[in-house]
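Undergrad: sequence below, structure please.
(chains A and B)
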Amino acid sequence: MRPLRTFLAVYLSKQERGPVLLNKSRYVSRRCMILERVRVRFAPSPTGYLHVGGARTALFNWLFARHHGGDFILRIEDTDQVRSTEESVQAILDGMSWLGLDWDEGPGKDGGYGPYFQTGRLDLYKKYAQELLDAGRAYYCYCTPEELDERRKKMQEAGEAPRYDQRCLHLTEEEAEKYRAEGRKPVIRFKAKNSGKTIVDDLVRGKVVFDNEVIDDFVIFKSDGMPTYNFAVVVDDYLMKISHVIRGEDHLSNTPKQIQIYEALGWEVPKFAHISMILGPDRTRLSKRHGATSVMQYKADGYLPEAMVNYLALLGWSYNATDNLFTKDQLVEYFSLDGVSKNPAVFDLAKLQWMNGVYIREASLDRLVELMKPYLLDAGYITEELSQPEEERLRGIVAEMQTRLKTLDEIVELTTYFFKDVEEYEEKALKNLKKEYVPELLERLADIFSTLEPFNQETVEKEFKKLQEEYDLKLGKLIHPVRAALTGRTVSPGIYDTIVLIGQEEVVKRLRAGAQKAKELLAE
RNA sequence: GCCCCCAUCGUCUAGAGGCCUAGGACACCGCCCUUUCACGGCGGCGGCAGCGGUUCGAAUCCGCUUGGGGGUACCA
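TA: Reported below is the predicted structural model:
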């Protein structure tokens, strides 16, 4: 691979574009790798929400498909009858839509390779299981889970690798009949090859060699009549003409089993790419213990989908040494399996937050206002229907907040004083009020503002400058107490903006209340 | 236990034997801008897990150790 790539890169750079772009393998993929149509799939099991790990896998598949102009297929692996739910299916679909990962084939979108729910494909699995049975590559097994458990335990205690002992491999018809009479429901086991090696040729990891001795006769059909994952995935990927299986590293160890099934059925194996796990800050697998893992929870927490996509793309993939911010189009253009790294990646909320802030700053004001409304509504700051002036004012407030937010939900905490009376003053704000000159100053300002016409940024600022000269104070000495009186805090947008946005009447009221508060403080 | 994967700043990563005195981003710290906060600008802190090889030369190749992750189900 390497020599060819190096050669190609150098050759092509000489041929068509100067010496710059030899780091990424777009040439390779364009020129010699992809001859068949690219078809990839994301195949979640509907047993919960779309979590960030799954979302990242989906994203990588989606990017790969879009980059190569191939097909992205969504397949629901719902053979676990106990844990699969409809709500989960919906949750996964919602998550995908929010991230903008549209599928070419899948639920609600037939592409000729359906059905796209595994429970709808039972006949297919049965057919190929029968084929294996007929070929002597599979057999019925009547051992109960309890018996298996016990034997497994014993083997482990004896220091052996726990593998199935093949005791049902050569069952006579009488023995089988006896078991059936006992009411036992059989499973079907695959008769694995137990000598030699099975090699997974992985696009991310290179050749990974497994000794066939470690592969036992695993179950391909459960006693409830459902296929197991390792079997169904092979049948589906083959029938759906999947060209590249891009999935989490947790599937790497199971891959040799699947390869053996491909071989037993005489099918060509697809290309594999196993991407590393996402870990929590403590370097264990990311889970709820580490915070939100559901993609839709991030939506609720005020993250933008483009930030999520950008961040997820960077977890285990990079384009070059310097760039971090990518639009979705750029991701599609630049994405390559060569940029995928082998090491597991720790999910870093701080970086996601930073990136979200970047995208909030880039978002249009119109969009931002709409995004904010649910949070403000929920906080009781605004009502469902807004008048024209209210809408205008909201725009102004959101505009002020745009550079100050990392997540949308922070709007609630940061804008309280625009919507609610000042009931409490922060300790530091109290300090700013507790000055001899403050009561008089605030009263003066209240008087001035009560009749100021028009009441806007320029006129307000002018009055501040006048007062500043009159009192011969540094501007800050005026501004800090005013901010304290109007917001109860020491932090707000620029004071003139803040004043105008709070509104004339309310400002006058709060200035007087602030003056009163200052007097009380001084009297203490 | 057995099998497999992985190992560069705290985190994500660049790095394909000399371009490395190891680059970027986030985080953190400092300075500038400034009415506070944020944004923005500038700067700083900080890393090749360890040990052995191979080589004139190793972050890069090999081995071992250590550490982390995954698998080993009638879950997917």
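
Undergrad: would you check that residue A:441 makes contact with residue A:468?
TA: No: applying CB atoms under 8 Å as the test, residue A:441 and residue A:468 come out as separate, 10.4 Å apart. For every residue, glycine as well, the C-beta is placed using N, CA and C.

Undergrad: which one's more surrounded, these two?
TA: Here residue A:441 and residue A:468 are set side by side on neighbour count (other CB atoms under 10 Å), and the busier one is residue A:441, at 24 against 16.

Undergrad: and the gap between the more buried one and RNA strand B?
TA: Residue A:441 sits 15 Å away from RNA strand B when distances are taken as CB to the nearest atom of the strand, to the nearest Å.

Undergrad: what's in contact with the one helix or strand that residue maps to?
TA: Assigned by DSSP states H and E, residue A:441 belongs to helix A:438-451. Contacts of helix A:438-451 with the rest of the structure, by CB atoms under 8 Å, 6 or more residues apart in numbering, involve A:432, A:455, A:460, A:463, A:467, A:471, A:478, A:481-482, A:485, A:499, A:504, A:507-508, A:511-512, A:514-516, A:518-519, A:522.

Undergrad: what do residue A:441 and residue A:468 both touch?
TA: Common neighbours of residue A:441 and residue A:468, counting by CB under 8 Å, 6+ apart, are residue A:478.

Undergrad: hang on, the earlier thing: which members of the contacts of helix A:438-451 are classed as buried?
TA: Buried subset of these (neighbour count, 16 or more other CB atoms under 10 Å): A:432, A:455, A:460, A:463, A:467, A:478, A:481-482, A:485, A:499, A:504, A:507-508, A:511-512, A:514-515, A:518-519.

Undergrad: give me the subset of the residues you listed lying in helices.
TA: Filtering the buried ones among the contacts of helix A:438-451 for membership in helices, criterion DSSP state H, returns A:432, A:460, A:463, A:467, A:478, A:481-482, A:485, A:499, A:504, A:507-508, A:511-512, A:514-515, A:518-519.

Undergrad: so what's residue A:194 up against?
TA: If a contact means CB under 8 Å, 6+ apart, then residue A:194 has A:212-213, A:215-216 as its contacts.

Undergrad: which of the residues you listed sits closest to residue A:382?
TA: Distance to residue A:382, by CB to CB, is smallest for residue A:215 among those, at 61.7 Å.

Undergrad: and the spatially closest residue to the closest one that is not a sequence neighbour, what is it in contact with?
TA: Nearest in space to residue A:215, with sequence neighbours left out and distances taken as CB to CB, 6 or more residues apart in numbering, is residue A:192 at 4.7 Å. Residue A:192 makes contacts with A:212, A:215-218, A:257, A:260, as judged by CB under 8 Å, 6+ apart.

Undergrad: isn't residue A:233 right next to residue A:255, touching?
TA: No: under the contact definition of CB under 8 Å, residue A:233 does not touch residue A:255, with a separation of 9.9 Å.

Undergrad: who has more neighbours, the two?
TA: Looking at residue A:233 and residue A:255 with other CB under 10 Å, you find the greater number of neighbours at residue A:233, namely 26 against 22.

Undergrad: is the more buried one within a helix or a strand, and which one?
TA: Under the assignment here (DSSP H and E), residue A:233 is part of helix A:229-239.

Undergrad: now the helix or strand following that helix and helix A:229-239, what's the angle there?
TA: Tracing the chain past helix A:229-239, the next element assigned as helix or strand by DSSP H and E is strand A:244-248. Strand A:244-248 runs at 150 degrees relative to helix A:229-239, counting by axes from the mean of the first three to the mean of the last three CA atoms, to 10 degrees.

Undergrad: so what strands line up beside strand A:244-248?
TA: Looking at strand A:244-248 with DSSP bridges, its partner strands are strand A:271-275 (parallel).

Undergrad: chain center to the strand it pairs with, what's the gap?
TA: Relative to the mean C-alpha coordinate of its chain, strand A:271-275 is positioned 20 Å out (CA atoms, centre = their mean, to the nearest Å).

Undergrad: pLDDT on the first helix or strand past that strand going along the chain, on average?
TA: Per DSSP H and E, the first helix or strand lying C-terminal to strand A:271-275 is strand A:278-279. Taken as a whole, strand A:278-279 carries a mean pLDDT of 96.

Undergrad: quick one: strand A:278-279 near RNA strand B?
TA: Yes: using CB under 7 Å from any atom of the strand, strand A:278-279 comes into contact with RNA strand B via residue A:279.

Undergrad: name the helices or strands packed onto that strand?
TA: Other helices and strands packing on strand A:278-279, by 3 or more CB pairs under 8 Å, 6 or more residues apart in numbering; DSSP states H and E, are helix A:52-67, strand A:345-346.

Undergrad: phi and psi next, for residue A:197.
TA: In terms of degrees, to the nearest 10, the main-chain angles of residue A:197 are phi -130, psi 150.

Undergrad: name whatever forms a beta bridge with the residue lying closest to it once chain neighbours are set aside.
TA: The spatial neighbour of residue A:197 that comes closest, neighbours along the chain excluded (CB to CB, 6+ apart), is residue A:209 at 5.4 Å. The residues paired with residue A:209 through beta bridges, assigned by DSSP bridges, are residue A:199.

Undergrad: quick check, residue A:209 in contact with residue A:199.
TA: Yes: using CB under 8 Å, residue A:209 is in contact with residue A:199, at 5.4 Å.

Undergrad: hey, which helix or strand in chain A has the poorest pLDDT?
TA: Averaged element by element with mean pLDDT, DSSP states H and E, chain A has its least confident helix or strand at helix A:2-12 (a mean of 32).

Undergrad: does residue A:306 count as helix, strand or coil?
TA: helix (DSSP: H, G, I helix; E, B strand; the rest coil).

Undergrad: ok, it touching residue A:328?
TA: Yes: applying CB under 8 Å as the test, residue A:306 and residue A:328 come out as touching, 6.8 Å apart.

Undergrad: pick out the residue of the stretch 1-150 of chain A closest to RNA strand B.
TA: Closest to RNA strand B within the stretch 1-150 of chain A is residue A:77: 2.7 Å, counting by CB to the nearest atom of the strand.

Undergrad: please list all residues in contact with that residue.
TA: Shown here is residue A:77, whose contacts under the criterion CB under 8 Å, 6+ apart are A:43-46, A:118, A:229, A:232-233.

Undergrad: make CSV out of those residues and add distance to residue A:315.
TA: Putting these into CSV (distance: CB to CB, whole Å) gives the following:
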residue, distance to residue A:315
A:43, 20
A:44, 18
A:45, 21
A:46, 23
A:118, 28
A:229, 25
A:232, 28
A:233, 24
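
Undergrad: and which of these is nearest residue A:407?
TA: Of the contacts of residue A:77, the one sitting nearest to residue A:407 (CB to CB) turns out to be residue A:44, at 26.0 Å.

Undergrad: the closest one touches residue A:54, doesn't it?
TA: Yes: the criterion here is CB under 8 Å, and residue A:44 meets it with residue A:54 at 5.4 Å.

Undergrad: which neighbours do those two have in common?
TA: Taking CB under 8 Å, 6+ apart as the contact rule, the neighbours common to residue A:44 and residue A:54 are residue A:92.

Undergrad: measure the closest residue to residue A:467 other than its chain neighbours to residue A:463 for me?
TA: By the measure of CB to CB, 6+ apart, the closest residue to residue A:467 outside its immediate chain neighbours is residue A:478, 6.3 Å from it. If you measure residue A:478 against residue A:463 using CB to CB, to the nearest Å, the figure is 10 Å.
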